[in-house]
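[1] whatever this is, show me its structure:
(one chain, ligands or ions: 3)
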Amino acid sequence: MIVEVPLGKRAYPIHIAPGLLANAAPLLGPLAPRGRLALVTDSNVARLHLPAFAAGLAAGGIAVDEIVLAPGEATKDWATLAQVTERLLSLGVERGDAVVALGGGVIGDLTGFAASILRRGCRFVQVPTTLLAQVDSSVGGKTAINAAAGKNLVGAFHQPALVLIDPSVLATLPVRDLRAGYAEVVKYGLIGDPGFFKWCEANAAALLAGDAGCQAEAVAVSCRAKAKVVAADERETGDVRALLNLGHTFGHAFEAEAGFSDRLLHGEGVALGMALAFDLSAARGLCPAEDAARVRAHLLACGFVLSPKALGFEVSAATLLHHMRQDKKMKAGTLPFILARGIGQAFVARDVPLGDVEAFLDGVVAE
Ligand SMILES: NC(=O)c1ccc[n+]([C@@H]2O[C@H](COP(=O)([O-])OP(=O)(O)OC[C@H]3O[C@@H](n4cnc5c(N)ncnc54)[C@H](O)[C@@H]3O)[C@@H](O)[C@H]2O)c1
Ligand SMILES: O=C(O)C(=O)C[C@@H](O)[C@H](O)[C@H](O)COP(=O)(O)O
Ligand SMILES: [Zn+2]
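    Ligands and ions are numbered 1, 2, ... in the order given. This is a model prediction of the structure:
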């Protein structure tokens, strides 16, 4: 299956097919004019999936120069960005070459950002290997590292030239990472597709238990949804792409509090944040309380922990607000929130006083 991301000169296809990882040479050949590709990955993916990927490329006459990083969110930092960029330069990567990101969202975000600054911009290819990266981060061109001040604060919009998704690699993904990726899947239902949320309620258990059919369906639906949003609002200048931030303002604050460590995965923060966004919407009379309860019940049934205390956070609402003030949506001192009028009806609210949010969070962190 091919999903197009229609962005004019920056348009690209997302190829989705089981077995694609080992058979990528015909698609990557045109992006390797010198018969070589630089590839960035992490040590888990290098062990599990690089041999098959590199063997397929070698059979098609493409050699791989690999850069293998430590796994985990801490890799999305300045030091690793510098290390990767210097290594790509020492490999002689030219503007006409493409750099391959083989891995999860950490590898994709970091590699995409390195590609955006290398010789003022070279092409890159996303080969996502986590559910999260297959349904969300590999599509749309948001690239970034974390800064001391907060999540994804240094980065660029830089679209990949190609996205290659092999859903069969999800078979080796630990269930905690599968669940974290599922948060971004169910997000598409919550922001604009109540029918898909129903599908999620019916199929999440099978998906999380490793059902390849359910996983492939989730990847296809999610890629179509994300491609549509990105085509409508590539750089988040309107209110369309901002909806993909449902749960993220809260989630990123908890990730910052965790020091961008694997203590709280991105998707775990997003799940908590989405539950809070629905609770806040209900508390403000915007959304039926039953919808907020249904969202929370579904996320709990999936195994997400939705209480900051149970997640080990002893944090004040004021500290969370401090992190939230770094959100990139902040404009002239006002922080827009992605709230909902119901399941599948997210919207951008610009009139939520931060004092009200602090009072709401006071209750949340005390529970
Ligand atoms: N750019 C975007 O639009 C966007 C969207 C969502 C999330 N993100 C970012 O993505 C990051 C999270 O991505 P993630 O959840 O993929 O985390 P990740 O990249 O850290 O991968 C999670 C873990 O899975 C391992 N792994 C990867 N593929 C595997 C496989 N097939 N089998 C076994 N293990 C495998 C990795 O080594 C790692 O330990 C966060 O930094 C988040 O901010 C970006
Ligand atoms: O693609 C987008 O747009 C998203 O917001 C997707 C999010 O899932 C992702 O976590 C993104 O990196 C968050 O964006 P940010 O602008 O808040 O850093
Ligand atoms: Zn996200």
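
[2] from here on, contacts and neighbour counts on C-alpha atoms
    Noted.

[3] could you pull out the helices for the stretch 151-300 of the chain?
    175-192, 194-208, 212-232, 248-257, 266-283, 289-301 (DSSP state H, counting those that start in this stretch).

[4] are the second one and ligand 1 in contact anywhere?
    No: judged by C-alpha under 6 Å from any ligand atom, helix 194-208 and ligand 1 are separated, with a smallest distance of 13.9 Å.

[5] and the angle for that helix with helix 175-192?
    For helix 194-208 against helix 175-192, the angle between stretch directions is 170 degrees (axes from the mean of the first three to the mean of the last three C-alpha atoms, to 10 degrees).

[6] how about helix 194-208 as CSV, C-alpha atoms only?
    Taking C-alpha atoms only, helix 194-208 is exported to CSV below (Å, rounded to 0.1, in the frame of the first residue of the first chain):
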residue,chain,number,x,y,z
PRO,A,194,-15.1,8.7,16.5
GLY,A,195,-15.6,5.6,14.4
PHE,A,196,-11.9,4.9,14.6
PHE,A,197,-12.1,5.3,18.4
LYS,A,198,-14.7,2.6,18.4
TRP,A,199,-12.5,0.4,16.3
CYS,A,200,-9.7,1.1,18.9
GLU,A,201,-12.0,0.1,21.8
ALA,A,202,-12.8,-3.2,20.0
ASN,A,203,-9.2,-4.0,18.8
ALA,A,204,-6.7,-2.5,21.2
ALA,A,205,-6.3,-5.7,23.2
ALA,A,206,-5.5,-7.8,20.1
LEU,A,207,-3.2,-5.1,18.8
LEU,A,208,-1.3,-4.9,22.1
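
[7] which residues of the protein lie near ligand 1?
    When proximity is defined as C-alpha under 6 Å from any ligand atom, the chain approaches ligand 1 at 42, 44-45, 71-73, 103-107, 109, 129-130, 132-133, 136-137, 142-143, 169-170, 172-173, 177, 181, 266.

[8] report the buried members of the residues you listed.
    42, 44-45, 71-73, 103-107, 109, 129-130, 132-133, 136-137, 142-143, 169-170, 173, 177, 181, 266 (16 or more other C-alpha atoms under 10 Å).

[9] among those, name the ones in helices.
    N44, V45, G105, V106, I107, D109, L132, D177, G181, H266 (DSSP state H).

[10] about what we covered before: now the helices of the stretch 151-300 of the chain as a markdown table including mean pLDDT?
    Converted to a markdown table, the helices of the stretch 151-300 of the chain look like this (pLDDT from 0 to 100):
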| stretch | mean pLDDT |
| --- | --- |
| helix 175-192 | 98 |
| helix 194-208 | 98 |
| helix 212-232 | 98 |
| helix 248-257 | 98 |
| helix 266-283 | 98 |
| helix 289-301 | 98 |
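
[11] make a markdown table from these and add distance to ligand 2 to it.
    As requested, the helices of the stretch 151-300 of the chain are arranged in a markdown table below (distance: least, C-alpha to the nearest ligand atom, whole Å):
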| stretch | distance to ligand 2 |
| --- | --- |
| helix 175-192 | 6 |
| helix 194-208 | 17 |
| helix 212-232 | 7 |
| helix 248-257 | 6 |
| helix 266-283 | 7 |
| helix 289-301 | 17 |
